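Student: I would like to see how this sequence folds:
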Amino acid sequence: MGQRKRIVIVGGVAGGASAAARARRLSEDAEIVMFERGEYISFANCGLPYHIGGQIRERDRLLVQTPKMMSRRFAIDVRTRSEVTRIDRAKHEVTVRDLAKGGDYQISYDALILSPGAEPVRPNIPGIESSRVFTLRSIPDMDAIKTAVEQQGAQRAVVVGGGYIGLEMTEALVDRGLIVALVELEPSVMGTVDPEMAAPLHEELRLHGVDLHLGTSVTEVTEQGGTVSMLLSDGKRIETDLVVMAVGVRPEVTLARDAGLQLGGRGGIVVDEHMRTSDPAIYAVGDAVEVTDFVGGHPTVISLAGPANRQGRIATNTIFGRESRYGKTQGTAICKVFNLAVATTGMNEKSLKKQQIAYEKVYVHPASHAGYYPGASQLSLKLLFEPQTGKVLGAQCVGTKGVDKRIDVIAVALRAGMTVFDLQDLELCYAPPFGSAKDPVNYAGFVAANAIVGDMPVCHVEDVLNPRDNQRLIDVRTPGEVQAGTVPGAVNIPLDELRSRLDTIPKDKELLVVCQVGLRGYLACRILNQRGFSARNLTGGYKTYCAAVGANGAASLAQDMKSDTGETSVQEKN
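Tutor: Predicted coordinates for the structure are as follows:
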């Protein structure tokens, strides 16, 4: 390294703290100074809702590193309650305001790492500044919400926003015994997944007593005598004791903007693959930076701890002359919603359409492990891929067990540039308590591969909702299943009767075939297409249809579980 270098880090938590620790591991000689305007330099941001909900009982477990621990173990000069207010790029100097004692001072740097994070969005709504309206981004935010619940006796709550924090806070407050309403501007919660994949989450929320308001916004907040009245865009009014605003976050870039660093179209700090900003002596990491989407190649902003940790490490490696690059972002993430988990990796269908990227999709609804072993539950897995090559573009999964395992596997496959044909051949763990001989990832690969090579041409919900004059709908489930609900206009010909009733089916029409989850439809299409008919299978079956059109009621769900047992057993034998 030569002469002693001073590395100044602005902000802690995932990006800043990991950069500081990495810097010390690489150099015992460097002077490392970390500034944090709050009191906490490294805490488990993602664990905040779970302390409020009571799952994490000890508050101190959220503190990953304290200033004292960081200083003692890594010999880092940690200065809390210190806000960096200005960067003088010409002098390689920052101005720091001591929030505890008052006054400003300057400190020079050889390398500067910015890790300011993101700030919660507070919409411009009348009354939004009420003391009963909270956000959740820090330890003090968490403490304030806990105080409102435990000491001020809040019994009702409204959560505004149905993303990760909104869903986790909804569950946390329900677990604390509050009556909770969730207000979401979009037609579905969890905007990182497609609407039909979010449909089970809506049912799960309602099953746990959540008053769900979709496609709705808050237009006014009025505080009266310690309670809050919220007016919604549909004219309804909700009376509550506290409000949690969780409508999203935006990069905290004030310091970078004032210093003249380049910002991108998404509002984040522009960095190269080494996390270097437009100033070669300044680096930026974490929620404040724009990164490149791994699949689409477009700029994006990702607020996830994993990428922030890696970026802090990469920035420090670069400062010390080590070759290190950030390999773009897939947005792999998971969220717990009561008894369900929802996870995603890569691009969703909405994003693929927006970026005008050609894609095909399939749905499968297999069991989480071997159906004959007790405790199996159903997964819903959506796989997105290139129509010709089968290259994996993204995936989404919802279920109670095994969701993380399947999305993690597909995330690795996506990172490796694999195709759906590769998914077929992945050798994954199998024993009846843990998986199936044909794992759901393999299963999705088989279905997608069959669609590409023509063994199972697929159709989608939008096709069966609006069939053309030259198309006919056939439901190959049992009469009892069809009686519980079917696609309007579909003719019921049970799979086991199909061969004997081929003479009743017109050969001059394209057949759109429906079953419960897609397996029997596949078998029916194999029969029909080999007998001179033109048939396509509704991928994901009636279950996906119900999720897409919002018709998945209790009777349909009950029938799903009955038929899935039979269809899964067939799958296991293949």
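Student: Look up phi and psi at the one residue sitting closest to the centre of the chain.
Tutor: Computing the C-alpha centroid of the chain and ranking residues by Cα atoms, centre = their mean puts Ala333 first, at 4.5 Å. For Ala333, the backbone dihedrals are phi -160, psi 160 (criterion: degrees, to the nearest 10).
Student: ok now do it, which residues does it touch?
Tutor: Counting by Cβ atoms under 8 Å, 6 or more residues apart in numbering, Ala333 touches 164, 192, 304, 343-345. (C-beta placed from N, C-alpha, C; glycine too.)
Student: ok, now Ile139?
Tutor: Residues counted as contacts of Ile139 (Cβ under 8 Å, 6+ apart) are 38-40, 43, 48, 62.
Student: Tell me how many other residues surround the closest residue to Ser278 other than its chain neighbours.
Tutor: Excluding the flanking residues, the one nearest Ser278 by Cβ to Cβ, 6 or more residues apart in numbering is Gln262, at 3.9 Å. By other Cβ atoms under 10 Å, 13 other residues sit near Gln262.
Student: How many residues are close by His369?
Tutor: Applying other Cβ under 10 Å, we find 23 other residues in the vicinity of His369.
Student: just Leu207 next, same as before
Tutor: Going by other Cβ under 10 Å, the residues that sit close to Leu207 add up to 12.
Student: repeat for Gly327
Tutor: The local packing of Gly327 (other Cβ under 10 Å) involves 13 other residues.
Student: Give the helix, strand or coil label for it.
Tutor: Under the three-state scheme (DSSP: H, G, I helix; E, B strand; the rest coil), Gly327 adopts coil.
Student: Please list all residues in contact with it.
Tutor: If you count contacts by Cβ under 8 Å, 6+ apart, Gly327 has them with 273, 294, 415.
Student: And Thr478, how close does it get to Leu495?
Tutor: Taking Cβ to Cβ, to the nearest Å as the criterion, Thr478 is separated from Leu495 by 9 Å.
Student: how near is Gly161 to Glu184?
Tutor: 7 Å.
Student: All the strands of the stretch 101-250 of the chain, in order from the start?
Tutor: Counting by DSSP state E, counting those that start in this stretch, the stretch 101-250 of the chain has these strands, from start to end: 104-108, 111-114, 118-120, 133-134, 156-160, 179-184, 211-214, 218-224, 227-232, 237-240, 242-245, 249-251.
Student: Quick one: these as a markdown table, columns for mean pLDDT and distance to Lys353 too.
Tutor: Rendered in a markdown table, the data for these read as follows (pLDDT from 0 to 100; distance: least, Cβ to Cβ, whole Å):
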| stretch | mean pLDDT | distance to Lys353 |
| --- | --- | --- |
| strand 104-108 | 97 | 49 |
| strand 111-114 | 97 | 34 |
| strand 118-120 | 88 | 26 |
| strand 133-134 | 94 | 35 |
| strand 156-160 | 97 | 27 |
| strand 179-184 | 97 | 21 |
| strand 211-214 | 96 | 21 |
| strand 218-224 | 92 | 29 |
| strand 227-232 | 94 | 29 |
| strand 237-240 | 95 | 34 |
| strand 242-245 | 95 | 29 |
| strand 249-251 | 92 | 24 |
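Student: phi, psi of Asp88?
Tutor: Main-chain dihedrals, Asp88, degrees, to the nearest 10: phi -100, psi 100.
Student: I'd assumed Thr95 was in contact with it.
Tutor: Yes. Because the distance of 7.4 Å satisfies Cβ atoms under 8 Å, Asp88 is recorded as touching Thr95.
Student: Identify the contacts common to the two.
Tutor: Listed as contacting both Asp88 and Thr95 by Cβ under 8 Å, 6+ apart are Gln106.
Student: Now, the contacts of Ala333 that are in helices?
Tutor: Assignment to helices by DSSP state H places the following of these there: Tyr164.
Student: The contacts of Ala333 into TSV, with extra columns for distance to Ala144?
Tutor: Rendered in TSV, the data for the contacts of Ala333 read as follows (distance: Cβ to Cβ, whole Å):
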residue	distance to Ala144
Tyr164	20
Thr192	27
Leu304	24
Ala343	30
Thr344	31
Thr345	34
